[in-house]
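# model the following, please.
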Amino acid sequence: MLIAIPLGNLAVGLPILSGGAAILVFALFLAVFMPETRFAPAKPEDRNNWQHMGDIFKKGLAAVLAVAVAAILLVSITRNVLGPLYNAWVNQRLDSDTRATVISMSGQVDAIGQIASGPLAGLVSLWSVQAAIAFASFLLTPALPLIKKANRLHENEKILPE
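Numbers count the residues shown, from 1 in each chain. Next comes the predicted model:
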């Protein structure tokens, strides 16, 4: 790439021609210095690479699929349960004048957070899935002081007489 761009500035076809020439030189080098000696063709039953690939894929998928399906079901159930619980928690704490605004704003902030952090977590997942999960949990840490404050306010409400 570093060589192709300057060569392309000289002539458009020059990167392609120089790449082809480099492959030919490399092929000649390999033919001279790494000849295939003692070559024996594979047995016919060992030549079915697609079948081998399919068998390996099935074995890998069997274990992973069960875990993936269980995780998807668990996340789906948790999300379905948390939505009504959150709305009930918000409804008991807010006046009816501001309730719809707060619920709407909460949904918007959640969507903005997912839009902003989703691509970052995706980039981290290119390195490793475990790192992406850790990164996603790290993104949730700013909410911890807010939850702590809400819990403290809730405890104070229980203590104070009405």
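
# average pLDDT for the helix or strand where Ala100 lies, rounded please.
Using DSSP states H and E, Ala100 sits in helix 96-127. For helix 96-127, the per-residue pLDDT values average out at 87.

# which strands and helices sit next to the helix or strand following that helix?
With elements assigned by DSSP H and E, the helix or strand that comes after helix 96-127 is helix 129-139. Counting contacts by 3 or more C-beta pairs under 8 Å, 6 or more residues apart in numbering; DSSP states H and E, helix 129-139 packs against helix 96-127. For the C-beta atoms, the positions are set from N, CA and C on the backbone; glycine is no exception.

# count the residues that sit near Phe26.
10 (other C-beta atoms under 10 Å).

# same for the helix or strand harbouring it, what does it pack against?
Per DSSP H and E, Phe26 falls inside helix 14-33. On a contact count with 3+ C-beta pairs under 8 Å, 6+ apart, helix 14-33 meets helix 4-10.

# show me what the helix or strand hosting Gln92 packs onto, helices and strands only.
Using DSSP H and E, Gln92 sits in helix 49-93. If you count contacts as 3+ C-beta pairs under 8 Å, 6+ apart, helix 49-93 packs onto helix 96-127.

# before we move on, the earlier item: report the buried residues of the helix holding Phe26.
Pro15 (16 or more other C-beta atoms under 10 Å).

# so which residues make contact with that helix?
Helix 14-33 has contacts (C-beta atoms under 8 Å, 6 or more residues apart in numbering) with 3-4, 7-8.

# out of the residues you listed, which are buried?
Leu7.

# so which of the contacts of helix 14-33 is the closest to Gly122?
Ala4 (29.1 Å; C-beta to C-beta).

# contacting residues for the closest one?
Contacts of Ala4 (C-beta under 8 Å, 6+ apart): 15, 19.

# per-residue confidence at it?
So, for Ala4, pLDDT stands at 83.

# quick check: it vs Ala21, distance?
Distance from Ala4 to Ala21, counting by C-beta to C-beta, to the nearest Å: 13 Å.

# next one: Lys59
Using C-beta to C-beta, Lys59 is found at 44 Å from Ala21.

# repeat for Val67
Computed as C-beta to C-beta, the Val67 to Ala21 distance reads 50 Å.

# flag the shaky bits of this structure, pLDDT-wise.
Low-confidence segments of the chain, defined by pLDDT under 70: 1, 60, 62-63, 157-162.

# try 80
1-2, 42-69, 89-90, 93, 129, 150-151, 153-162 (pLDDT under 80).

# residues near Phe135, how many?
Neighbourhood size, Phe135 [other C-beta under 10 Å]: 17.
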